[in-house]
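# only geometry, no sequence info:
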C-alpha cells in the first residue's frame, strides 16, 4: 500500500485474511497482527497502521517459505 491509497478497516482485514493474517485494533488504539491460527507468542503490536500491514505481509511471506 502506498501513500494516497486508502482502504477501509474492513477492506484491510479482508485483504490481510487472504494472506492468512488477522488484524485488530484494541481500545488503546494499538493494532495487533497475527497468523489466523497464531498464538500470542507470534502476535505483533504497533500503534501505526502502515507498520501493522507491512509486518503482517512480511510475517505471511516468511511463513510460506
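Alright, I've got the coordinates. Remember, predicted model here, so these are calculated numbers, not experimental data.
# can you list the weak-confidence ranges in this protein?
Residue ranges of the chain with pLDDT under 70: 1-5, 64-65.
# mind redoing it with 90?
Counting by pLDDT under 90, the chain shows low-confidence ranges at 1-10, 62-65.
# where exactly do the helices run in it?
With DSSP state H as the criterion, the chain has helices at 9-17, 49-64.
# ok and the last one relative to helix 9-17, angle-wise?
Translated: helix 49-64. Angle between the axes of helix 49-64 and helix 9-17 is 20 degrees (criterion: axes from the mean of the first three to the mean of the last three C-alpha atoms, to 10 degrees).
# Now do helix 49-64: which elements does it pack against?
helix 9-17, strand 21-25, strand 31-35, strand 44-46 (3 or more C-beta pairs under 8 Å, 6 or more residues apart in numbering; DSSP states H and E). In short, each C-beta sits where N, CA and C put it, glycine included.
# which one of these is the most hemmed in?
With neighbours defined as mean count of other C-beta atoms under 10 Å, the helices and strands packed on helix 49-64 peak in mean count at strand 31-35, which reaches a mean of 20.
# Just the residues contacting it, thanks.
When contacts are defined by C-beta atoms under 8 Å, 6 or more residues apart in numbering, strand 31-35 is touched by residues 16, 20-26, 42-49, 51-53, 55-56, 59-60, 63.
# again, only using 7 Å
With contact meaning C-beta atoms under 7 Å, 6 or more residues apart in numbering, strand 31-35 is reached by 20-26, 42-46, 49, 52, 55-56, 59, 63.
# Please apply the same query to stretch 6-26.
Stretch 6-26 has contacts (C-beta under 7 Å, 6+ apart) with 31, 32, 33, 34, 35, 36, 52, 53, 56, 57, 59, 60.
# could you redo those as TSV and give each row distance to residue 7?
Output for the contacts of stretch 6-26, formatted as TSV (distance: C-beta to C-beta, whole Å):
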residue	distance to residue 7
31	14
32	18
33	15
34	19
35	21
36	19
52	12
53	9
56	13
57	13
59	19
60	17
